[in-house]
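**Q** quick check, what structure comes out for this input:
(one chain, ligands or ions: 6)
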Amino acid sequence: MSDAEKPNATQAEATSTKPRRRGCLGHCARFWWAYLIALIVVIVVVVPVILLVAVPKIAQKKLDEAELTLDGLTVTQTTPTQMLMSLNSTIRTDGSVHANIAGFEGIMYLEDLEPRTPFARIQFPPTTAAALQTVNVTQTLTIHDVAALTTFNTWLANNETVRVTVEGDTTVRVRGIARNYGVTFKKTLTLAGLNKLAGTRVEPTLISLTPDANGNNFRATVYIPNPSVVSIELGNITFRNYLLGQEVGTIFLDNLTLRPGTNVHPMRATIENGPVIAALGSKPFCEEGGVLPFEFSGESVVNNGEPLPYFADALKTFNQTTEIPIGAQVKKDLDVTIPCGGLGGGNNEEEED
Ligand SMILES: *[C@@H]1O[C@H](CO)[C@@H](O)[C@H](O)[C@H]1NC(C)=O
Ligand SMILES: *[C@@H]1O[C@H](CO)[C@@H](O)[C@H](O)[C@H]1NC(C)=O
Ligand SMILES: *[C@@H]1O[C@H](CO)[C@@H](O)[C@H](O)[C@H]1NC(C)=O
Ligand SMILES: *[C@@H]1O[C@H](CO)[C@@H](O)[C@H](O)[C@H]1NC(C)=O
Ligand SMILES: *[C@@H]1O[C@H](CO)[C@@H](O)[C@H](O)[C@H]1NC(C)=O
Ligand SMILES: *[C@@H]1O[C@H](CO)[C@@H](O)[C@H](O)[C@H]1NC(C)=O
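**A** Ligands and ions are numbered 1, 2, ... in the order given. This next block holds a predicted model:
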């Protein structure tokens, strides 16, 4: 049995391998030129297609899939022509491609406003395609286009969210391939805006009938929420102050840097007494403890003696309404309660009853 099987097995091996080898020898020898052409095609066409088309496409695709988040943005030393900008950002990728991305200049523009005019140019440092990496940039930002920067600041000041696109051409070097591939870095960020400074609160600390040395008759602590990740050195700001549609004075916030979160800051103001007293004595305010709805909108922003119109013009575009408990402070500082119908006459005593 074993004797009979063995030759069978070897024969089977022989029949299965020998004709193939013999076939290739004959085939390959006769058609060597076809194999050479195929090899040349691979070298001349396929490899370059992979290197010139597939790899850059993959590199671009991986870059497009990467996610950019802005963790913090600070502008300081603000002047009419430049400012110092510092940002912390994070780039997340799936980490599958080992590549180095060259440093590049990125432009920033509002995604939702045509035409797309850059308001800033940022020098991004070289990065890798690591799964998670922080990119921090500190640079002097020269203001090339005041109008575009003013528009960006206006959107940031007014809106709940602002979409900003960062775009720039750079090169990628994939590990193992000694070539730089041109790619475009383009990411749209959704940033929280200042939302018209909604939620601003004013707590009066001093009200006087006669102005102080600065001409101010009103002092308060102001609480300004900043829901964004942006910190801005503004300097000295003034706001126009309105009461019931009428301009009644000026608010001053000195040396203000608006930081993320709630900003607690001293406030001083020069406010006309007449309209305030009239409002305190009229309904419904006299019945509600003298809480008056003041409106304010930006007037000027001056830092170290230099006007910054790209901030001031943004703050001019909206009014923020703040309910200020004036009546209680008037009672405290001036020892007067203004009754419905105003001061004077016997109304005062009737109110007390
Ligand atoms: C960036 O992060 C560092 C370290 O946490 C911090 O000191 C700095 O204020 C941040 N800068 C910005 C612009 O958020
Ligand atoms: C960037 O700043 C972050 C803080 O936001 C810090 O954790 C990180 O180490 C910094 N990265 C670099 C490369 O400096
Ligand atoms: C953002 O605010 C500006 C100025 O108020 C306004 O014109 C624009 O439509 C707003 N954009 C979005 C997307 O809300
Ligand atoms: C703010 O309100 C005042 C009074 O109601 C008005 O005269 C002014 O035009 C408003 N400003 C803006 C920018 O809407
Ligand atoms: C504002 O800053 C300047 C210089 O730093 C200082 O002289 C001035 O007293 C500050 N004013 C207020 C109101 O804090
Ligand atoms: C704000 O104004 C005050 C008084 O005019 C001045 O002493 C101070 O230096 C100004 N602050 C800034 C940041 O410009």
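
**Q** so how far is F318 from V302?
**A** According to C-beta to C-beta, to the nearest Å, V302 and F318 sit 20 Å apart. Just so you know, the C-beta spots here come from the backbone N, C-alpha and C atoms, and that holds for glycine as well.

**Q** so which of those two has more stuff around it?
**A** F318 (18 against 15; other C-beta atoms under 10 Å).

**Q** excluding its backbone neighbours, what's nearest the more buried one?
**A** Leaving out its chain neighbours, the residue that sits closest to F318 by C-beta to C-beta, 6 or more residues apart in numbering is K196, at 4.8 Å.

**Q** L194 now?
**A** In space, and not counting its chain neighbours, L194 is closest to A157: 4.9 Å by C-beta to C-beta, 6+ apart.

**Q** just to revisit the earlier point, isn't the residue nearest to F318 right up against T317?
**A** No. Counting by C-beta atoms under 8 Å, K196 sits too far from T317 to count as a contact (9.0 Å).

**Q** is stretch 192-210 anywhere near ligand 1?
**A** No. Stretch 192-210 is not in contact with ligand 1 by C-beta under 6 Å from any ligand atom; minimum separation 14.0 Å.

**Q** what sits against W32?
**A** If a contact means C-beta atoms under 8 Å, 6 or more residues apart in numbering, then W32 has no contacts.

**Q** just the pLDDT for it.
**A** Per-residue pLDDT puts W32 at 82.

**Q** up against ligand 6, what does the stretch 251-353 of the chain have?
**A** D254, N255, V302, N303, N304.

**Q** in TSV, list those residues along with distance to I107.
**A** Listed next are these as TSV, based on distance: C-beta to C-beta, whole Å:
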residue	distance to I107
D254	35
N255	32
V302	29
N303	25
N304	28
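
**Q** mind listing the strands for the stretch 101-250 of the chain?
**A** Taking DSSP state E, counting those that start in this stretch to define them, one finds strands in the stretch 101-250 of the chain at 104-110, 120-124, 127-128, 132-142, 161-174, 181-192, 201-207, 218-226, 230-243, 246-258.

**Q** any idea which of those scores lowest on pLDDT?
**A** strand 127-128 (a mean of 87).

**Q** briefly note if stretch 91-108 comes near ligand 2.
**A** No. Stretch 91-108 lies out of reach of ligand 2 by C-beta under 6 Å from any ligand atom, never closer than 11.1 Å.
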